[in-house]
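Peer 1: With the sequence up front, the predicted model follows.
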Amino acid sequence: MGMSVGSKKTGGMDEINVTPLIDVVLVLLIIFMVLTPVTVQKMASNLPPVDDSPPPPPDQTPPDQLMVAVYQDGTLALNLKMETDDELRADITNRLRGRAKKSVFMDAHPDANYGRVVEIMDVVRQCGAEHVGFADMKDEGPAKLEPGAVLPGAPAPAAPVPG
């Protein structure tokens, strides 16, 4: 085994001994690894309460939601109830009155006249709707309520009185 200590010919050693530096860094790393879990505290969070109620069926719109349908022939319906332009204007104005959330959704047949759809959007805005959104458009267009059918959630018709 030999060791070089420098001599008059070669001069002093010009390299830094990094071993003590590495030892100090490793000790500091271990100290910080031990202290970190102690200093991390639980962050406070305000989560909404869990809603365990079952979601509404997909085919049934909520009773307070307004859905305007524009059909291929230009006719209109509000929540599947066929209406004229004037009836639609009056119904939407009455139903939006006093609401905090004034949103109306529209569904239009893909082959409906674009100008007619824009006209109905303007009518809905004039009636007081703050937000007008488009529903998920189906390839076959909005559904129609068959004559004599009962709206979902509507009371059943009264039975005829025998006489």
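Peer 2: Structure received.

Peer 1: can you map out the strands along the chain?
Peer 2: Secondary structure of the chain, counting by DSSP state E: strands at 66-70, 76-78, 81-83, 103-108, 131-134.

Peer 1: helices or strands next to the first one in the packing?
Peer 2: Just to be clear, that refers to strand 66-70. Applying 3 or more CB pairs under 8 Å, 6 or more residues apart in numbering; DSSP states H and E, one finds that strand 66-70 contacts strand 76-78, helix 85-96, strand 103-108, helix 114-126. For the C-beta atoms, the positions are set from N, CA and C on the backbone; glycine is no exception.

Peer 1: List the buried residues of stretch 100-118.
Peer 2: Buried residues in stretch 100-118, defined by neighbour count with 16 or more other CB atoms under 10 Å: 102, 104-109, 112, 116-117.

Peer 1: Would you mind listing where this protein has pLDDT under the threshold?
Peer 2: Applying pLDDT under 70 to the predicted model, the residue ranges of the chain that meet it are 1-11, 38-44, 56-63, 136-163.

Peer 1: If we use 80, what do you get?
Peer 2: Within the chain, the ranges that satisfy pLDDT under 80 run 1-14, 35-47, 55-64, 99-100, 135-163.

Peer 1: for it, longest helix please?
Peer 2: Longest helix in the chain by number of residues (criterion: DSSP state H): helix 19-39.

Peer 1: which parts of that helix are buried?
Peer 2: Along helix 19-39, no position meets the burial threshold by neighbour count (16+ other CB under 10 Å).

Peer 1: Please save the CA atoms from that helix in PDB.
Peer 2: Extracted C-alpha coordinates of helix 19-39, given in PDB (Å, rounded to 0.1, in the frame of the first residue of the first chain):
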ATOM      1  CA  THR A  19     -16.100  12.100   1.200                       C
ATOM      2  CA  PRO A  20     -16.900  14.300   4.200                       C
ATOM      3  CA  LEU A  21     -19.200  16.400   2.000                       C
ATOM      4  CA  ILE A  22     -21.100  13.300   0.900                       C
ATOM      5  CA  ASP A  23     -21.400  12.100   4.500                       C
ATOM      6  CA  VAL A  24     -22.900  15.400   5.700                       C
ATOM      7  CA  VAL A  25     -25.400  15.500   2.800                       C
ATOM      8  CA  LEU A  26     -26.500  11.900   3.500                       C
ATOM      9  CA  VAL A  27     -27.000  12.700   7.200                       C
ATOM     10  CA  LEU A  28     -29.100  15.800   6.300                       C
ATOM     11  CA  LEU A  29     -31.100  13.800   3.800                       C
ATOM     12  CA  ILE A  30     -32.000  11.200   6.500                       C
ATOM     13  CA  ILE A  31     -32.900  14.000   9.000                       C
ATOM     14  CA  PHE A  32     -35.300  15.600   6.500                       C
ATOM     15  CA  MET A  33     -36.800  12.300   5.500                       C
ATOM     16  CA  VAL A  34     -37.600  11.600   9.200                       C
ATOM     17  CA  LEU A  35     -39.000  15.100   9.900                       C
ATOM     18  CA  THR A  36     -41.200  15.600   6.800                       C
ATOM     19  CA  PRO A  37     -44.100  13.200   7.800                       C
ATOM     20  CA  VAL A  38     -44.300  15.000  11.200                       C
ATOM     21  CA  THR A  39     -44.500  18.500   9.700                       C
END
